[in-house]
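S.K.: Kindly generate the corresponding structure for this input.
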Amino acid sequence: MSDTIEVSRIAVTTSFSPDDEVVLRAHRIEQAVGCPFLNREEFSLDEVRDLAERDCLIVCTSTQVRLVTSERVFWWHPNMAPSRIESLRRGEGDRLTSYMDLGPGDRVLDLTCGLGADAIVSAHIVGDRGQVHTVEKSLILAAMAREGMDTFIHRTQDVVDAVRRVRVVEGDAADYLAEQSDASWDVVHVDPMFEGTLDESQGLEVVRKLAQVERVSQTLVDEARRVARRCVVMKDRVPGKQLNRLGFEDWSMKGKIYYGKQTGLGRSVALEP
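M.R.: Numbering: from 1, shown residues only. Okay, here's the model as predicted:
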């Protein structure tokens, strides 16, 4: 299998004997991604692949959205978000959201969804009065994240509530930024996909195979600062070459991951008479 998974390789189906909601979910993915839907009936997944003439399937069940290839089965999951929320519930803090200085009622725009873990943790902190949107350019990944979040279950209701608060927006981050008003979000977050994979990030393999990787531009950062009332926060790997390149001066440096912060230009715009 090639390193990336394109829409042209995918069809959508369901588990055996799906209920109406599962079928509806499959059709939503069909429309969002633009790939064919096949009734499962009594066919095996191999048979469905042959009938569709596609080598990858998105399979909707009552509890999961799976991406099935001839070699692997991937599914949407919130990565480390539940354990990070559990840490917050114990009063132990969270490095990223503390650096963002998030609080109840804040509005957060996450420009790089992936599995949505950072957006979910942000949604836990901002609560019902806040708002979190996360943008994903890959139609496949956006659809899987949206439907996965809609069906996710967990023993802790706070985790489920946070997952449900996140709105996944499919599209280009630069285009979405251009549609936003000055100072319309408290914090804008950028988490670019790295070229390599850290050992502790093996669970993100599905993101790597689906995401459309693009270099963060100075124009994107400038637009993010316009939209941000408080700050723009960006993730980078040691030694912080991207943060340097893009003019981030306020850094949080720990372990293999750095975060950088720039003040939002929206703050000055909002204070103008």
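
S.K.: Strands along the stretch 1-150 of the chain, start to end?
M.R.: Residue ranges of the strands in the stretch 1-150 of the chain, as given by DSSP state E, counting those that start in this stretch, are 10-14, 56-60, 65-68, 73-75, 107-110, 131-136.

S.K.: The second one vs strand 10-14, what angle?
M.R.: Between the axis of strand 56-60 and that of strand 10-14 there is an angle of 30 degrees, by axes from the mean of the first three to the mean of the last three C-alpha atoms, to 10 degrees.

S.K.: Could you check how far the residue sitting nearest the centre point of the chain is from Glu6?
M.R.: Among the residues of the chain, Cys113 comes closest to the average C-alpha position under C-alpha atoms, centre = their mean, at 2.0 Å. Using C-beta to C-beta, to the nearest Å, Cys113 is found at 19 Å from Glu6. In short, each C-beta sits where N, CA and C put it, glycine included.

S.K.: One more: Gln157?
M.R.: In terms of C-beta to C-beta, Gln157 sits 38 Å off from Glu6.

S.K.: More neighbours: which of the two?
M.R.: Neighbour totals were compared for Gln157 and Glu6, and Glu6 leads with 12 against 8 (other C-beta atoms under 10 Å).

S.K.: what is His109 paired to in the beta sheet?
M.R.: No, residue 109 isn't His; it's Leu. Assessed by DSSP bridges, Leu109 has beta-bridge partners His133, Val188.

S.K.: That one: neighbouring residues, count only.
M.R.: Residues near Leu109, counting by other C-beta under 10 Å, number 27.

S.K.: Go ahead and confirm it touches Val187.
M.R.: Yes. The pair formed by Leu109 and Val187 meets the contact definition of C-beta atoms under 8 Å, at 7.4 Å.

S.K.: what residues are shared contacts of the two?
M.R.: Common contacts of Leu109 and Val187, defined by C-beta atoms under 8 Å, 6 or more residues apart in numbering, comprise Ala228.

S.K.: ok, back up a step: of the strands of the stretch 1-150 of the chain, which shows the lowest average pLDDT?
M.R.: With a mean of 87, strand 73-75 has the lowest mean pLDDT of those.

S.K.: List the buried residues of that one.
M.R.: For strand 73-75, a neighbour-count test (16 or more other C-beta atoms under 10 Å) marks Phe74 as buried.

S.K.: How much space separates His211 from Ile140?
M.R.: For residue 211 the amino acid is Ala, not His. According to C-beta to C-beta, Ala211 stands 9 Å off from Ile140.

S.K.: Looking only at neighbour counts, state which of the two leads.
M.R.: Remark: of Ala211 and Ile140, Ile140 carries more neighbours, 27 against 20, as counted by other C-beta under 10 Å.

S.K.: quick one: the more buried one and Ile5 touch, right?
M.R.: Yes. In this structure Ile140 lies within contact range of Ile5 using C-beta under 8 Å: 6.9 Å.

S.K.: Need the residues touching each of these two.
M.R.: By C-beta under 8 Å, 6+ apart, the residues touching both Ile140 and Ile5 are 67, 210.

S.K.: that older thread, closest one to Lys256 among the strands of the stretch 1-150 of the chain?
M.R.: Lys256 lies closest to strand 107-110 among these, at 20.8 Å (C-beta to C-beta).

S.K.: picking that back up, show the model's pLDDT score for the residue nearest to the centre of the chain.
M.R.: For Cys113, the model assigns a pLDDT of 93.

S.K.: which residues of the stretch 101-250 of the chain fall in helices?
M.R.: In the stretch 101-250 of the chain, the helices defined using DSSP state H, counting those that start in this stretch lie at 117-126, 139-151, 157-165, 173-178, 205-210, 218-227, 241-245.
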